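> no sequence for this one, just the structure:
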Ligand code: FES
């Protein structure tokens, strides 16, 4: 089963099993991972699912709408910033993301 590791801004990590096809945001919300709100449910209109991705090579490239939304995040945008509702879990993947200190 694919796994996603979430590390918060203090360095505390938690790894959860994910379902293929779910988003990293959905996986976090379902498992009660703090630091990812997902207010809009994944419709690219809130940016409260902002994460910093530790490994970007295996991910689909960013679409224009996600790129635009990332300029409105509560925490600074970095080179590895992504919106976790746009990151799909694939078979065998092991993703590691860091959540910002706040999403509000
Ligand atoms: Fe709203 Fe990702 S959950 S933009």
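Perfect, thanks for sending it. Please read all numbers here as calculations on a predicted model, not as lab measurements.
> What's the separation between the closest residue in space to residue 103 that isn't next to it in sequence and residue 94?
Taking CB to CB, 6 or more residues apart in numbering, and ignoring the residues beside it in sequence, residue 103 has residue 48 as its nearest neighbour in space, at 4.2 Å. In this view, the C-beta of every residue, glycine as well, is placed from N, C-alpha and C. Applying CB to CB, to the nearest Å, the value for residue 48 to residue 94 is 24 Å.
> where does residue 24 land on pLDDT?
We have a pLDDT of 97 for residue 24.
> Also the one 4 residues further on?
The per-residue pLDDT reported for residue 28 equals 97.
> That one - that's part of a helix, no?
Yes: assessed by DSSP: H, G, I helix; E, B strand; the rest coil, residue 28 belongs to a helix.
> before we move on, the earlier item: more crowded one of residue 48 and residue 94?
residue 48 (21 against 13; other CB atoms under 10 Å).
> From the ligand, how far off is that one?
Look at residue 48 and the ligand: by CB to the nearest ligand atom, to the nearest Å, they are 6 Å apart.
> got it, and residue 85?
3 Å.
> That residue: neighbouring residues, count only.
By other CB under 10 Å, the residues close to residue 85 number 28.
> contacting residues around it?
Residues in contact with residue 85 (CB atoms under 8 Å, 6 or more residues apart in numbering) are 23-26, 38, 40-44, 49.
> what's the spacing between it and residue 47?
9 Å.
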